[in-house]
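*Asks:* generate a structure from the sequence data that follows.
(2 chains)
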2 protein chains.
Amino acid sequence: MTRFSFTVSATDGRARAGELVTSHGPVPTPIFMPVGTYGSVKAVGPDDLHALGAKIILGNTFHLHERPGDERIEQQGGLHEFIRWPGSILTDSGGFQVFSLAKLAKITDEGVAFASPIDGSPRFFSPEVVMGIQRRLGSDICMVFDQCPPGQADRAAVLKAMERTTAWARRCRAVEMKPHQAVFGIVQGQIHEDLRLSHLEEIAALDFDGVALGGLSVGEPIDDMVRILRAVTHRMPAHKPRYLMGVGTPLDLIHGIENGIDMFDCVMPTRNARNGQLFTSDGVLVLRNARHRDSPEPIDPDCPCATCRAGFSRAYLRHLLVAGELLYFRLASVHNLHFYLDLVTRARAAILEGRFDAFAADFRTRYRPRPGARTGAPEPEATS
Amino acid sequence: MTRFSFTVSATDGRARAGELVTSHGPVPTPIFMPVGTYGSVKAVGPDDLHALGAKIILGNTFHLHERPGDERIEQQGGLHEFIRWPGSILTDSGGFQVFSLAKLAKITDEGVAFASPIDGSPRFFSPEVVMGIQRRLGSDICMVFDQCPPGQADRAAVLKAMERTTAWARRCRAVEMKPHQAVFGIVQGQIHEDLRLSHLEEIAALDFDGVALGGLSVGEPIDDMVRILRAVTHRMPAHKPRYLMGVGTPLDLIHGIENGIDMFDCVMPTRNARNGQLFTSDGVLVLRNARHRDSPEPIDPDCPCATCRAGFSRAYLRHLLVAGELLYFRLASVHNLHFYLDLVTRARAAILEGRFDAFAADFRTRYRPRPGARTGAPEPEATS
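*Replies:* Predicted coordinates:
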């Protein structure tokens, strides 16, 4: 059984096409990972994910620990078996959630004490606790426990969080995981290039299976994120997968791939679907707009997703949305997930053929983001 | 194109196996029709319905007139095209909903004035209006506009409703429908055997394509419903389909088939699924019960539905239900609909093989209804 491998097949500028392999199969990169917070990518089933060509999904350590509990999931044969997903799974470490969702979080060098958002009972997350949870979940890729400072944190606070994240990364490294599990480190440093680079050096030195950029798309201006991607990504270990956590909009994905990112996750395709915002090559379609009320057109005439292919019209989908019909959520989520998965698939093909710049330019010319909607930053509840 | 035909292939006691054919294909009987109130069987798609072997679904005239509007649906090519359902569709007449859902309903011989439940604006339903709505929807089987008195109505009120229903049935009969549309009459008379029989005579004389029993499973004791079924069903025209409206529990279906009913509809499989009540051959499984929390078993080990076959455990389904995950609703609804569709399929096979009594006895021996839950009576909101 392959525990974990990663190969870069081709580069085009800084963009990379590659393949990572977990014990649950190969994953072409760049890849987008649909988010399955509580062990379900909201409104879609494993059959839908399979039809979409998804290879890897994300589960949230923090949420699954609360509900239904990692010990219960381990008893049921692990997360893959529990949710009937035969592909790969990455679990985050709960670091982001602890600091953004938990009440009364109290942080020390040992770890973080907080109150359960479900019933208020006391919780304590440390590097050892968090890796233990991920070991029980049995995910293929586990993330180290990091401290993610708020977007507006000052330089001193960012430095302190980096120090702690490095110390915690060392402790995570020392925890014995299941034989099939890979572990990724996380780089903090927020929007400070020098801090990002020095923290990258510390994390890279710990020789994890992959390296992630945390603390981006947390409310900073998009220019700051792009600046950091340009300064930092190409300095990340070349032979290891590079993961940009929690990002983002379709344009953010293009920025990331352009700078050498291999992996993305975001709640945006599923959450926006539920809110009636559907992605098309021309930009975001706002389904509640009255002009769609009588439209016999599919969401996107060029789209081969199951929803568009089945001929569901904008008029019908809008009706389902307005009437609160449950079917809407599945049909819209399938479409939006297809848009994201198709975007990385087409980007990969362009890289392999040495035409990524033209692909990115074409995409940017045609795709009009919604005015004011720039980022895939998770809202405070941070579920998919 | 076949407009409408019905053939009884075999009888076993009073039970009948047959086939009705609409312009959208053949429908074996006895049949159960999943309810798609707003043009969607809640939480499942046409692909799921196809996989379940559903041949005919029900749409609600009252609801579709309110949202998205029958004129809009006609502009979109009719209800089949709008909802992308290639099978048959029956629409009710809105009679039940007008009297149970609408506010300030004022009834005269001409029709019923009421306020829209969506925005309070004035509405008027008459036989002509209701048939016009169904003509625009383009359903294969249309129901006449009837007056359905409340379960506790006295004999005089029931008589008055019967008279009006007969007069309205004549007016419905006079409305020209689309060439492919069949029309069914509705028999009222509540729990009074003599009134049921006299009203049946009036409705049968109008020579509709089929005859329905309305006003049952509206709160009366189950014994009263069974008594009426025994006294009335075998007197309904033998060469036309017999439809028991809005019924019911699995045991109600057995009662109905035993007495010669061919068609059923009920919100119970989908609504109960959403409430965590799952049907099994042994009775109703209440998924929220703590004893299912760690169960690796499927809902029903003998069940070949997509949900059970995919290996989703009670523990996982319960987790999805408790966490409010949208995927739950589809998985549970598919299971419950399979139970109902499988029940009528097995009943049909038993009738064709002349062993319906043994089949019914076996089912009743094994199936334990939930204490206190006897009927499929729609709750006031009467959506699926």
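*Asks:* so for stretch A:40-59, mean pLDDT?
*Replies:* Per-residue pLDDT over stretch A:40-59 has a mean of 98.
*Asks:* just the helices in the stretch 251-384 of chain A please.
*Replies:* For the stretch 251-384 of chain A, helices defined by DSSP state H, counting those that start in this stretch occupy the ranges A:268-274, A:306-309, A:314-323, A:326-352, A:356-366.
*Asks:* those residues of the stretch 51-200 of chain A touching chain B, which are they?
*Replies:* Taking C-beta under 8 Å from any C-beta of the partner chain as the test, the list of the stretch 51-200 of chain A residues beside chain B reads A:67-68, A:72, A:75-77, A:82-84. Backbone N, C-alpha and C define where each C-beta goes, glycine included.
*Asks:* follow-up on the earlier one: looking at the helices of the stretch 251-384 of chain A, which one is packed in the most?
*Replies:* helix A:268-274 (a mean of 25; mean count of other C-beta atoms under 10 Å in any protein chain shown).
*Asks:* for it, packing partners?
*Replies:* The helices and strands touching helix A:268-274, judged by 3 or more C-beta pairs under 8 Å, 6 or more residues apart in numbering or on different chains; DSSP states H and E, are strand A:277-280, helix A:326-352.
*Asks:* among the ones you listed, which is nearest A:T29?
*Replies:* Proximity to A:T29 (C-beta to C-beta) singles out helix A:326-352 among the helices and strands packed on helix A:268-274, at 7.2 Å.
*Asks:* ok, the residues of the stretch 51-200 of chain A next to chain B vs A:D282, which is closest?
*Replies:* Closest to A:D282 out of those is A:I83 (34.4 Å), distances taken as C-beta to C-beta.
*Asks:* the closest one reaches B:Y316, doesn't it?
*Replies:* Yes - contact criterion C-beta atoms under 8 Å: A:I83 and B:Y316 qualify, at 6.5 Å.
*Asks:* shared neighbours of those two, anything?
*Replies:* The contact sets of A:I83 and B:Y316 overlap at A:G39 (C-beta atoms under 8 Å, 6 or more residues apart in numbering or on different chains).
*Asks:* I'd like the helices of the stretch 251-384 of chain A as TSV, with mean pLDDT appended.
*Replies:* Formatted as TSV, the helices of the stretch 251-384 of chain A follow (pLDDT from 0 to 100):
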stretch	mean pLDDT
helix A:268-274	98
helix A:306-309	98
helix A:314-323	98
helix A:326-352	98
helix A:356-366	97
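*Asks:* do you know which of these lies nearest B:A290?
*Replies:* Nearest of those to B:A290, taken as C-beta to C-beta: helix A:326-352 at 26.2 Å.
*Asks:* tell me the SS of A:C172?
*Replies:* Secondary structure, DSSP: H, G, I helix; E, B strand; the rest coil: A:C172 is helix.
*Asks:* from chain B, how far off is it?
*Replies:* Applying C-beta to the nearest C-beta, to the nearest Å, the value for A:C172 to chain B is 27 Å.
*Asks:* from A:K106, how far off is that residue?
*Replies:* Distance, A:C172 to A:K106, using C-beta to C-beta, to the nearest Å: 20 Å.
*Asks:* which of the two has more residues huddled nearby?
*Replies:* Taking other C-beta atoms under 10 Å in any protein chain shown, A:C172 and A:K106 do not tie; A:C172 has more neighbours (28 against 11).
*Asks:* excluding chain neighbours, what is closest to that one?
*Replies:* Closest residue to A:C172 apart from its sequence neighbours, by C-beta to C-beta, 6 or more residues apart in numbering or on different chains: A:V144 at 4.0 Å.
*Asks:* for A:P34, same thing?
*Replies:* Among residues not flanking A:P34 along the chain, A:V41 sits closest, at 4.5 Å (C-beta to C-beta, 6+ apart).
*Asks:* mind listing what that neighbour touches?
*Replies:* Applying C-beta under 8 Å, 6+ apart, the residues near A:V41 are A:34-35, A:49, A:57, A:270, A:333, A:337, A:384, B:327.
*Asks:* and stretch A:185-195, how far apart are its ends?
*Replies:* For stretch A:185-195, the first-to-last residue distance is 16 Å (C-alpha to C-alpha, to the nearest Å).
*Asks:* now the one helix or strand A:H80 maps to, how far from the chain's geometric center?
*Replies:* For A:H80, the host element (DSSP states H and E) is helix A:79-83. Relative to its chain's centre, helix A:79-83 lies at 19 Å (C-alpha atoms, centre = their mean, to the nearest Å).
*Asks:* name the helices or strands packed onto it?
*Replies:* Secondary-structure packing of helix A:79-83 (3+ C-beta pairs under 8 Å, 6+ apart): strand A:88-91, helix B:314-323.
*Asks:* how far off centre is the helix or strand following the first one?
*Replies:* Moving toward the C-terminus from strand A:88-91, the first helix or strand encountered (DSSP H and E) is helix A:95-100. For helix A:95-100, the separation from the chain centroid amounts to 15 Å (computed by C-alpha atoms, centre = their mean).
*Asks:* any buried residues in the helix or strand that helix A:95-100 is followed by, and which?
*Replies:* Next along the chain after helix A:95-100, taking DSSP H and E as the criterion, comes strand A:103-107. Residues A:I107 are the ones in strand A:103-107 that count as buried (16 or more other C-beta atoms under 10 Å in any protein chain shown).
*Asks:* model confidence over strand A:103-107, on average?
*Replies:* On average, strand A:103-107 scores 80.
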